[in-house]
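Q: please work out how this folds:
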Amino acid sequence: MRYSVFLSIAIGALVCCSLSGCSNSEKQVTTSSPPPPTNPAPTTTGAGKSGIPCQGTIISPTDDIVSIINNGTPGQTFCIEGEHRITSTIYVKSGQSLIGTTTNSRISGAVVLSPWQPTSTQGVYYYDGPYANTQPHQQM
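A: The predicted model follows:
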């Protein structure tokens, strides 16, 4: 947040100066890039594409993705194949990369709602399963 405020102030000063003309007595505002992070940030890439090259630990749809990533080492690369539905938290460590290698590579915490019931109107269905009475933002 600090950088965005500084950048906004700097840009505002540059715009003001360019519109009204700067005199030599006015201070010039310069911007600089934020310092590089001390630890590399985790990255993700490849989702929705197929044939993404990946050299790392392959995680297939039947593997326990949560325990594999949580027990991984900092800087490790994971090659995600297919869809993974999770019910617990993944803790991505510093420098780890999650690379989707197939068009359906994804990690989802969503719950599949099933079964759906047909109504008397063609093409209209309703859900009356165990989550039907859940209030918005209610924990499961």
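
Q: report the residue spans of this protein with pLDDT below the cut-off.
A: Applying pLDDT under 70 to the chain flags residues 1-51, 139-140.

Q: quick one, domains of this structure?
A: Listed domain ranges for the chain are 1-35, 36-109 (source: automatic domain parsing).

Q: and Ile86, how many neighbours?
A: By other C-beta atoms under 10 Å, the residues close to Ile86 number 14. Glycine gets a C-beta too; all of them are placed from N, C-alpha and C.

Q: can you pull the contacts of it?
A: By C-beta atoms under 8 Å, 6 or more residues apart in numbering, the contact list for Ile86 reads Ile65, Val66, Ile107, Ser108, Gly109.

Q: ok, now how distant is it from Ser94?
A: 21 Å (C-beta to C-beta, to the nearest Å).

Q: now Gly129: closest residue in space that isn't a chain neighbour?
A: For Gly129, ignoring the flanking residues on the chain, the nearest one in space by C-beta to C-beta, 6 or more residues apart in numbering is Leu113 at 6.1 Å.
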